[in-house]
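Peer 1: A predicted structure for the sequence below; I have some questions about it.
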Amino acid sequence: MAEDFAGRVADAAARLKPQERVVAEYLLAQPDQAVLASTSDIASATGTSDATVVRTARALGYSGLRELKKVLMAGVTDPPDPIRVLEGRIARSDSALGPVLGEVLTDAAALLARVPEELDERSWQRAVDLLDSAQKVWLYGFGPAGLVAEYHALAFSRLQRRAQAVTQTGFRLADPLMGIDRGDAVLIYAPLRRFHEIDVTIAHARRLGVPVILVTQALGAKLRDEVDVVLEVPSATVTMVSENLIDLLFAHALTLELARRDKVGSVTARQLLDQLRAEIVSGTTDDQPD
């Protein structure tokens, strides 16, 4: 994908205006910074304007900066090297003037600010519709993403919606996959890496006619034609932030979207949860004398 972008820049060089050429050369030379930057950031770094940045993206054949950045992101994160990511974060923390926490908070704020710019609203609403109409939601995640899947399944269950986290790998994955049925939905948290288990899960869901939602930083372009909805997550690989930060926020937001659609049912479920908690607290596990 990075080679495709370089080719576009070369092909368009003769027809680009001088300031557009400056922007294109910056994007080509600094893809790591570009994928994390806003339109204004790129304009500031190149001494141009927001309008020039947008015109450059279109002059290179993209619908806008969002599509261009997705191409750059594929080059930055494919394949992501966990060791290099960790080394980069350690290097940044070593050079930081203040505590690591300050660096993390700064990067987290910048990452969150990019979500509205990069998230497609129609895809979000489509994902909510599919989850809302599903008889049961299967939430798949591997490693740290599995923790997000487990949290999301718990949050759904507190709305009294049927959900199950799937975190198994290898042969063990076959057991939960057998439970998926028509009328269900599958949501996969796959921030960066395309594991074989993800392909098997998608293929099985497609055979059943079960919709699949993918939440990812880097796999959207590769899997878009194989799933029903892709929710693009801003890349965190060159930041101090966990790759799963936005995944967790998406899980929370999707849960609240469903709660809003069924306010009465959500409140009733919460009342039942509180009642059961009260009964548990009022009880005792100590042996009572006869």
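Peer 2: All right, it came through fine. Numbers count the residues shown, from 1 in each chain.
Peer 1: Distance-wise, check Val100 relative to Met240.
Peer 2: Using C-beta to C-beta, to the nearest Å, Val100 is found at 7 Å from Met240. C-beta: built from backbone N, CA, C; applies to glycine.
Peer 1: quick one, domains of the chain?
Peer 2: For the chain, the structural domains run 2-77, 121-277, going by automatic domain parsing.
Peer 1: With distance to Val115, mean pLDDT and mean neighbour count as extra columns, can I get these in CSV?
Peer 2: Below are the domains of the chain laid out as CSV (distance: least, C-beta to C-beta, whole Å; pLDDT from 0 to 100; neighbours: other C-beta atoms under 10 Å):
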stretch, distance to Val115, mean pLDDT, mean neighbour count
domain 2-77, 12, 83, 17
domain 121-277, 6, 93, 18
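Peer 1: For Ala236, list the residues it contacts.
Peer 2: When contacts are counted by C-beta atoms under 8 Å, 6 or more residues apart in numbering, Ala236 is found next to Asp107, Leu111, Pro191, Gln217, Ser242, Glu243, Leu245, Ile246.
Peer 1: Give me the secondary structure label for the third one.
Peer 2: By that I understand Pro191. Assigned with DSSP: H, G, I helix; E, B strand; the rest coil, Pro191 falls in the coil class.
Peer 1: Would you confirm that it contacts Glu232?
Peer 2: No. Using C-beta atoms under 8 Å as the test, Pro191 is too far from Glu232 to be in contact (11.2 Å).
Peer 1: what touches both of those two?
Peer 2: Contact criterion C-beta under 8 Å, 6+ apart; residues shared by Pro191 and Glu232: Thr216, Gln217.
Peer 1: show me where the protein has strands.
Peer 2: Per DSSP state E, the chain carries strands over the ranges 137-141, 163-166, 185-189, 212-216, 229-232.
Peer 1: which outside residues touch the second one?
Peer 2: Counting by C-beta under 8 Å, 6+ apart, the neighbours of strand 163-166 from elsewhere in the structure are 136-141, 146, 149-150, 152-153, 156-157, 173, 176-177, 179, 201.
Peer 1: try the last one
Peer 2: Applying C-beta under 8 Å, 6+ apart, the contact partners of strand 229-232 are 70, 118-120, 123-124, 126-127, 130, 211-217, 220, 223-224, 250.
Peer 1: Could you do the fourth one as well?
Peer 2: Contacts made with strand 212-216 from outside it, assessed by C-beta under 8 Å, 6+ apart, are listed as 127, 130-131, 185-192, 201-202, 205-206, 220, 223, 226-233, 247, 250.
Peer 1: quick check: angle from it to strand 185-189?
Peer 2: Going by axes from the mean of the first three to the mean of the last three C-alpha atoms, to 10 degrees, strand 212-216 is angled at 10 degrees with respect to strand 185-189.
Peer 1: Please name the strands paired to strand 212-216 in the sheet, noting orientation.
Peer 2: strand 185-189 (parallel), strand 229-232 (parallel) (DSSP bridges).
Peer 1: Those: which one's closest to Arg58?
Peer 2: Ranking these by their distance to Arg58 (criterion: C-beta to C-beta) puts strand 229-232 first, at 19.7 Å.
Peer 1: Please tell me how far the closest one is from the chain's geometric centre.
Peer 2: The chain centroid and the centroid of strand 229-232 are separated by 8 Å under C-alpha atoms, centre = their mean, to the nearest Å.
Peer 1: Which ones among the contacts of strand 229-232 map onto helices?
Peer 2: If you go by DSSP state H, these have Lys70, Glu118, Ser123, Trp124, Arg126, Ala127, Leu130, Gly220, Leu223, Phe250 in helices.
Peer 1: Relative to Val227, how far out is the residue nearest to the first one when sequence neighbours are not counted?
Peer 2: It stands for Lys70. Among residues not flanking Lys70 along the chain, Ala221 sits closest, at 6.4 Å (C-beta to C-beta, 6 or more residues apart in numbering). Using C-beta to C-beta, Ala221 is found at 12 Å from Val227.
Peer 1: Please apply the same query to Ala108.
Peer 2: Per C-beta to C-beta, Ala108 is found 27 Å from Val227.
Peer 1: coming back round to it: let's see which of the contacts of strand 163-166 end up in helices.
Peer 2: Going by DSSP H, the helices hold Gly146, Ala149, Glu150, His152, Ala153, Phe156, Ser157, Pro176, Leu177, Thr201 from the contacts of strand 163-166.
Peer 1: I figured the residue nearest to Lys70 hits Leu72, correct?
Peer 2: No. Taking contacts as C-beta under 8 Å, Ala221 lies outside contact range of Leu72: 11.4 Å.
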